[in-house]
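Undergrad: Here is my input; please provide its structure:
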Amino acid sequence: MPLSGCSCGLRRAALSALGAALATGYYAKAMMFPIALMVPFVAFKMLPRRSVLVAATTFLLLIAPWIVTLSISTGHPTIGDTSRLNYAWYVNNIDRGRFWQGGPSRAGQPIHPARVILASPRVFECGGVFPVTFPIWYDPSYWYRGLHMWFAPRLLARSYINNARSLSKLLIWQGGGFLIAWSLCFLLRKDKTFRKDMARGWVAWLISVATLMCFCAVHLEPRHIATFVAILFVVPFVALSGRINKIIASAIGIGGLAWALSFSSVSTLLGEPMIPFQVTPQNEAWQLANDMQRLGLQPHEAFATVCCMGPKACFGLI
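TA: Below you'll find the predicted structure:
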């Protein structure tokens, strides 16, 4: 909605809604906090300062109770320990199994680790901490309290390069059809107003690019970036609205979806585990299902995980 043409009250309501939307994003995922700060910073160059302050104030007021609650719970000022833990897991290569017992030496020792009640086979006890069914998975930051991170440029660069390759594969394999279609439309349209209209969406486009770059630095999964990838593809096509006929628009949509479905099927066939885009000899989930079926496990029968946190998973019937 163009705020310049709105009345003062309507503009203030729209800006408050923007702040509330950013706060909702932060409540859903802590990574949205730095992203939410980008929006007022960019808007500071485009809107009156008072308008930016309305959105920023709404955002800060709505998230303040949660930040206070988290800080009291963890014992130190924090907006959330998710980013810290992900950096330790995926850059510093700290054990992600939740049953971390300390090490390497730089990482320190956990303040309250899961108790080892049997050394061989290794059995852990983690009850009585949280009133939940599976305490070890409830609050990972509790079990990693005492963890020390360190800056490792080489490890960070390797993580960034691997994630950037994964992102490139996603954009090409899943969205290559849309990229080709938009490139052709851009080259065929020679009027200057088309490029001017396209420039209107640069704010949303650049924020999405910056967000994807932040994710590449630590860890990247399709479920984390779906919204921002959608913005990357949608914003350029907004400038095409009303400039191409319905037949071409339908062909672009159908062709783009067909491209995405085709390559999605190929990537699934090659095998794609939870860590994105790593090709395995066989789809791990399908292999696990086949192994359980060979053991005699039938549909709807219950089973228990025996050692689900290591590199391999063992299953036994209840």
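
Undergrad: what about the nearest residue to Y26 once chain neighbours are set aside, distance to A204?
TA: Distances taken as CB to CB, 6 or more residues apart in numbering put M32 closest to Y26, at 4.5 Å, once the chain neighbours are dropped. (C-beta placed from N, C-alpha, C; glycine too.) Distance, M32 to A204, using CB to CB, to the nearest Å: 15 Å.

Undergrad: ok, then the element right after whichever strand or helix holds S250?
TA: Element membership for S250 (DSSP states H and E) is helix 246-270. Downstream of helix 246-270, the first helix or strand assigned by DSSP H and E is helix 284-294.

Undergrad: what about that following helix, distance to the chain center?
TA: In terms of CA atoms, centre = their mean, to the nearest Å, the gap separating the centre of helix 284-294 from the centre of its chain is 28 Å.

Undergrad: Please name every helix or strand in contact with that helix.
TA: On a contact count with 3 or more CB pairs under 8 Å, 6 or more residues apart in numbering; DSSP states H and E, helix 284-294 meets no helix or strand.

Undergrad: burial of A21, as a residue count?
TA: A21 has 15 neighbouring residues, counting by other CB atoms under 10 Å.

Undergrad: Pretty sure F233 sits in a helix.
TA: Yes: judged by DSSP: H, G, I helix; E, B strand; the rest coil, F233 forms part of a helix.

Undergrad: Report how many residues lie close to L212.
TA: Residues near L212, counting by other CB under 10 Å: 21.

Undergrad: Buried residues of the host helix or strand of it, list them for me.
TA: Using DSSP H and E, L212 sits within helix 202-218. Residues of helix 202-218 classed as buried by neighbour count (16 or more other CB atoms under 10 Å): 203-205, 207-208, 211-212, 215-218.

Undergrad: Which of those residues scores worst on pLDDT?
TA: Ranked by pLDDT, the buried residues of helix 202-218 bottom out at V203, which has 76.

Undergrad: in which helix or strand would I find the closest residue to it other than its chain neighbours?
TA: Nearest residue to V203 in three dimensions, chain neighbours excluded: V42, at 5.3 Å (CB to CB, 6+ apart). Using DSSP H and E, V42 sits within helix 32-43.

Undergrad: The residue nearest to V203 reaches I207, doesn't it?
TA: Yes: V42 lies in contact with I207 (CB atoms under 8 Å); the separation is 6.7 Å.

Undergrad: hang on, the earlier thing: count the neighbours of the residue nearest to Y26 for me.
TA: 19.

Undergrad: what does P40 give?
TA: Considering only other CB under 10 Å, P40 is surrounded by 22 other residues.

Undergrad: can you map out the helices along the protein?
TA: For the chain, the helices defined by DSSP state H occupy 8-28, 32-43, 49-74, 82-90, 135-138, 140-143, 153-188, 192-198, 202-218, 222-238, 246-270, 284-294.

Undergrad: any chance of these in JSON lines, with distance to I111 too?
TA: Listed next are those as JSON lines, based on distance: least, CB to CB, whole Å:
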{"stretch": "helix 8-28", "distance to I111": "27"}
{"stretch": "helix 32-43", "distance to I111": "25"}
{"stretch": "helix 49-74", "distance to I111": "11"}
{"stretch": "helix 82-90", "distance to I111": "15"}
{"stretch": "helix 135-138", "distance to I111": "15"}
{"stretch": "helix 140-143", "distance to I111": "9"}
{"stretch": "helix 153-188", "distance to I111": "25"}
{"stretch": "helix 192-198", "distance to I111": "53"}
{"stretch": "helix 202-218", "distance to I111": "24"}
{"stretch": "helix 222-238", "distance to I111": "29"}
{"stretch": "helix 246-270", "distance to I111": "41"}
{"stretch": "helix 284-294", "distance to I111": "34"}
